[in-house]
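*Asks:* predicted structure and sequence below. I'll ask about it afterward.
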Amino acid sequence: MEYERINSLIKAAEKTLTQVVQVSKDEELLVGVDLGTAYIVLVVLDSEKNPVACEMESAEVLRDGLVVDYLGALQTVRRLKERAEERLGRTLTKAATAIPPGTIENNIKTHVHVVEGAGMEVTNVLDEPTASNKVIGLKNGAIVDVGGGTTGISVFKDGEVVHVTDEPTGGIHLSLCIAGNANIALEEAEEIKKKRERQGDLLPVITPIIQNMARIVSEAIEEYDVEEIHVVGGTCAFEGFENVMEKELGIKTVKPINPFLVTPIGIAMNC
């Protein structure tokens, strides 16, 4: 697996959070909108699929992968779009988006309506782990996308998806565990969880949650010969996450430098 290439792409996207990239008025731009449980992310790529802009904002408009605050989601995407347009000096007219695997039809329509309501034509809708694989480029193995509320699992064989599933477990469950253990508010636990200097001490606390996630993954892939697992999604950024999962599964488990940005970049690549 060419993780040097993957990590280089992610670093380029990270830079565009603060740096302005010049694009010509005729450059074809590819946009990806990732409606997450904790964050909404908008990534813009040029015609060569190089990152030129990235905007994100925390939002509590989804629950377990379902849009529960349509207006809030629409307004957030609209703000991200306007900020990216101002930085690039271009109007963004089309975008791709993604949904958790197994999402009901009405939720797919809601995701589409959110992006369209923000002023962009939706050119593609795909499931999140499959979007991630546009970045990873996995031929054989599994991608596990652990978001704030759900975990999507896609199994690949010869570059094709042969199995996909989604389970209601994610970063919120890590936060609930931390909050209960420390007897603090959930909001405080969410903030503590993100601090790298605290993660070493917190890992033993949340290990049972990660082990349960691993068991869910094990059940999802038990009928397939999976020799390698790639974890993506913001929750996987927790230091040591992949090590706990690998030990529980007994399968090589790896993650890119910033697993949070993999899915939104992959969505944009599918625009």
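*Replies:* Cool, the structure landed. Residues are numbered from 1 along each chain as shown.

*Asks:* C-alpha only now, for contacts and for neighbours.
*Replies:* OK.

*Asks:* all strands for the stretch 101-250 of the chain, in order.
*Replies:* For the stretch 101-250 of the chain, the strands defined by DSSP state E, counting those that start in this stretch cover 121-127, 141-146, 151-157, 160-167, 228-232.

*Asks:* compute the inter-axis angle for the longest one and strand 121-127.
*Replies:* The one in question is strand 160-167. 80 degrees (axes from the mean of the first three to the mean of the last three C-alpha atoms, to 10 degrees).

*Asks:* so which of the strands of the stretch 101-250 of the chain gets nearest I206?
*Replies:* Between I206 and these, the shortest separation by C-alpha to C-alpha is 14.4 Å, and it involves strand 141-146.

*Asks:* pLDDT on the closest one, on average?
*Replies:* When pLDDT is averaged over strand 141-146, the result is 93.

*Asks:* go on, stretch 73-81?
*Replies:* Mean predicted confidence for stretch 73-81 is 95.

*Asks:* same question, stretch 215-231
*Replies:* Here the average pLDDT along stretch 215-231 is 93.

*Asks:* start to end distance for that stretch?
*Replies:* 14 Å (C-alpha to C-alpha, to the nearest Å).

*Asks:* now do stretch 245-257
*Replies:* Taking C-alpha to C-alpha, stretch 245-257 runs 17 Å from one end to the other.

*Asks:* which residue ranges form the helices in the protein?
*Replies:* 3-15, 70-88, 105-117, 128-136, 171-182, 186-194, 196-221, 241-249, 262-269 (DSSP state H).

*Asks:* next, the buried residues of the first one.
*Replies:* Residues of helix 3-15 classed as buried by neighbour count (16 or more other C-alpha atoms under 10 Å): I6, N7, L9, I10, A12, A13, E14.

*Asks:* quick one: it to helix 128-136, angle?
*Replies:* Using the same axes, to 10 degrees, helix 3-15 lies at 110 degrees relative to helix 128-136.

*Asks:* check which helices and strands helix 3-15 sits against.
*Replies:* Counting contacts by 3 or more C-alpha pairs under 8 Å, 6 or more residues apart in numbering; DSSP states H and E, helix 3-15 packs against strand 51-58.

*Asks:* partners of the strand it packs on, with directions?
*Replies:* In its sheet, strand 51-58 lies beside strand 39-45 (antiparallel), with partners assigned from DSSP bridges.

*Asks:* does Y39 touch S58 like I think?
*Replies:* Yes. Look at Y39 against S58 with C-alpha atoms under 8 Å: they come within range, at 4.2 Å.

*Asks:* neighbour count winner among those two?
*Replies:* Using other C-alpha atoms under 10 Å, the more surrounded residue of Y39 and S58 is Y39, with 19 against 12.

*Asks:* mind pulling up the pLDDT for the more buried one?
*Replies:* 88.

*Asks:* who are the contact partners of it?
*Replies:* M56, E57, S58, A59, E60 (C-alpha atoms under 8 Å, 6 or more residues apart in numbering).
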